[in-house]
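[1] build me a structure from this.
(4 chains)
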2 protein chains.
Amino acid sequence: MSPDARQRILDAAASLLAESGSEALSTRAVAAAANIQAPTLYRIFGDKQGLIEAVTAYGFERYLADKQAQAPTGDPVEDLRRGWDLHVEFALTHPDFYALMYGSVRPGHQPAVPREATGLLVAMLERVAHAGRLRVPVATAAQMTGAASVGVALALIARPEQERDPALSARVREAMLDAILTDPHPARDGAGPARDGADTPLAARALALDAALAGAPPADDAPPAGTPVDTSPDTSSGGAAAAGAAPAAGALTAAETALLRQWLRRLAEGPHDSTGNSRAVR
Amino acid sequence: MSPDARQRILDAAASLLAESGSEALSTRAVAAAANIQAPTLYRIFGDKQGLIEAVTAYGFERYLADKQAQAPTGDPVEDLRRGWDLHVEFALTHPDFYALMYGSVRPGHQPAVPREATGLLVAMLERVAHAGRLRVPVATAAQMTGAASVGVALALIARPEQERDPALSARVREAMLDAILTDPHPARDGAGPARDGADTPLAARALALDAALAGAPPADDAPPAGTPVDTSPDTSSGGAAAAGAAPAAGALTAAETALLRQWLRRLAEGPHDSTGNSRAVR
DNA sequence: GCGAGCCGTTAGCGACGCTAACACCAAGCT
DNA sequence: AGCTTGGTGTTAGCGTCGCTAACGGCTCGC
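    Sure, this is the predicted structure:
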């Protein structure tokens, strides 16, 4: 009677969500639409949150599979731009999915899809760093661009369609790129302030070396399943560098490489960290 | 028996929300805590969404009343900075309130508190524009900074407390200010970009960084004391650069810098593979 | 005095997330 | 073959939720 109940449930939930919004996504309605009973749903997904995470991940991956083929450009910065635009485009074309993924925040915990998307973002940024174009550490750039892009997407889908400023996303995107990249962009409106300080080459060089020490940039199609995403800013402390993954720096030991990379990131951060709260990097 | 039922309900709902999170905010629990019956609650607030908007507005205004006295500085840009920080600080000190205000997005409609907060933001930006410091329209700047600050606050709330990067907010804030403000920093002598190639091998990168470090005198052990404090972190650093002596590697001590440079030279002449640095990691 | 409107209370409706308990059925073991 | 075993489907129901109809007592203008 039911060849693949899980898939039927996911399809039913996805169409129910796309058509009637997240408020209509009840377990009863999904079970009725998938023509199964409630206990089967709970046996497969555990509880409603498990269903939600599964259906959001399902929709997200289906969208990525459609669009990911266009990703690889030669320029990693351009890839980063396209990643931003893809993110916002997904939010606008599937607002209910996006609201469920990013727009339902519970203070303690982060669901699965944003973490997965952060992995893709980190992979993109590692390629950018490998090209010597990043002037902040990859983790910092990932946090900044991730937070800003989510904020833009939520702001866009929160207001009615005709009130949305279509240029908002690109403006914030370029502002963030200006903040994390080294080079001034070649061809945009010439009003760019061209404010690369004399310190940026040092930071860029440190980060480029750090990226090289981390190993080759991840391949285009392979999402870094194994690469640890060091969310904590000051961390790593050897976990990444020392444990597995010894990079090609044969001249240094693993412990030395770990300490070296730590220093490189401190170099890239600059002499002092902004803001009154100077407890950023101890 | 009930001098002011509305106020009692609001207080009960606020404490219930602050203590037990948004999931415990049921109309039944609020009614029981306020010692009233369900129909009274619905007569006053209409439905649960009305209660939520009222209680979030209540908490937000109470917070604003506490902090708003410190607002007026002479500099409107500094006021804008404080407004940003106030926003993020509110999100971090009252995460459940904030999650209810900004973190529960329904694709069509925007609740009351964000609209009210946007009004304050627009007022601040109008003063900035009046001072001639804005280079984009006020509405544009409001959308950009509003979206980015909400994204930052939600990103900070979403992850556990010890994983939060305390500098993230300031970094994104300054990036947005750089994007919407006219440049107050005097243009410096623009040393050439001195970019290194896209795929420089590891040795070249090590040497490039070593050369950059050679220009900087080894920093003394107290970096922040001597360096002039600049409010704008990323961009400027004009004080340090204008001091002549190059981008001080203030993040590292003299001994660390020495050992770092030693390692860099070992990296440069070490047995790195001739095939290029494409060593797969995972 | 007296109808009119306001307010609190009781009781309950329909829907929700979730689960115990049982029926069935194919597969493996003695 | 007989029996156990484990997975699957089904029924029925528990406790809670948001929300509301209906009633009774209250004050108040007339």
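[2] could you use CA atoms for every contact and neighbour count after this?
    Fine.
[3] can you list contacts of stretch A:50-58?
    Defining contact as C-alpha atoms under 8 Å, 6 or more residues apart in numbering or on different chains, one finds that stretch A:50-58 is touched by A:10, A:13-14, A:45, A:97, A:100-101, A:111-113.
[4] within reach of DNA strand C, which of those are there?
    Near DNA strand C, taking C-alpha under 7 Å from any atom of the strand as the test, no member of the contacts of stretch A:50-58 is found.
[5] hmm, which of the residues you listed are the buried ones?
    A:10, A:13-14, A:45, A:97, A:100-101, A:111, A:113 (16 or more other C-alpha atoms under 10 Å in any protein chain shown).
[6] ok, and of those, which contact DNA strand D?
    The subset of the buried ones among the contacts of stretch A:50-58 lying close to DNA strand D, counting by C-alpha under 7 Å from any atom of the strand, is empty.
[7] what is the nearest of those residues to A:Ile157?
    Taking C-alpha to C-alpha as the measure, A:Ile157 sits nearest to A:Phe97 out of these, at 11.1 Å.
[8] just for the stretch 51-200 of chain A, where's the confidence low?
    Scanning the stretch 51-200 of chain A for pLDDT under 70 picks out A:71, A:183-200.
[9] residue of it closest to DNA strand C, please.
    Residue of the stretch 51-200 of chain A nearest DNA strand C, by C-alpha to the nearest atom of the strand: A:Leu51 (8.1 Å).
[10] burial of that residue, as a residue count?
    For A:Leu51, the number of neighbouring residues by other C-alpha atoms under 10 Å in any protein chain shown comes to 23.
[11] ok, back up a step: now the buried ones among the contacts of stretch A:50-58 in CSV, with secondary structure?
    Rendered in CSV, the data for the buried ones among the contacts of stretch A:50-58 read as follows (DSSP: H, G, I helix; E, B strand; the rest coil):
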residue, secondary structure
A:Leu10, helix
A:Ala13, helix
A:Ala14, helix
A:Phe45, helix
A:Phe97, helix
A:Leu100, helix
A:Met101, helix
A:Pro111, coil
A:Val113, helix
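[12] now do the helices in the stretch 1-150 of chain A.
    Along the stretch 1-150 of chain A, the stretches classed as helices by DSSP state H, counting those that start in this stretch are A:5-20, A:27-34, A:38-45, A:48-67, A:76-93, A:95-102, A:112-130, A:138-158.
[13] the fifth one versus helix A:5-20: what angle between them?
    Yep, that's helix A:76-93 we're talking about. Calculated by axes from the mean of the first three to the mean of the last three C-alpha atoms, to 10 degrees, helix A:76-93 forms an angle of 80 degrees with helix A:5-20.
[14] quick check: angle from helix A:76-93 to helix A:95-102?
    Using the same axes, to 10 degrees: helix A:76-93 against helix A:95-102 is 120 degrees.
[15] which one of the contacts of stretch A:50-58 is nearest to DNA strand D?
    Taking C-alpha to the nearest atom of the strand as the measure, DNA strand D lies nearest A:Phe45 of the contacts of stretch A:50-58, at 11.5 Å.
[16] ok, is stretch A:136-147 in contact with chain B or not?
    Yes. Judged by C-alpha under 8 Å from any C-alpha of the partner chain, stretch A:136-147 and chain B are in contact via A:140, A:143-144, A:147.
[17] how far does that stretch sit from the chain's center?
    In terms of C-alpha atoms, centre = their mean, to the nearest Å, the centre of stretch A:136-147 is found 9 Å from the chain centre.
[18] just the CA coordinates for that stretch, please, in CSV.
    Extracted in CSV, the C-alpha atoms of stretch A:136-147 (Å, rounded to 0.1, in the frame of the first residue of the first chain):
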residue,chain,number,x,y,z
VAL,A,136,39.2,38.8,7.7
PRO,A,137,39.3,35.2,8.8
VAL,A,138,36.9,32.9,7.1
ALA,A,139,34.9,32.3,10.2
THR,A,140,34.4,36.0,10.7
ALA,A,141,33.5,36.6,7.1
ALA,A,142,31.0,33.7,7.3
GLN,A,143,29.3,35.1,10.4
MET,A,144,29.1,38.5,8.9
THR,A,145,27.8,37.6,5.5
GLY,A,146,25.5,34.9,6.9
ALA,A,147,23.9,37.2,9.4
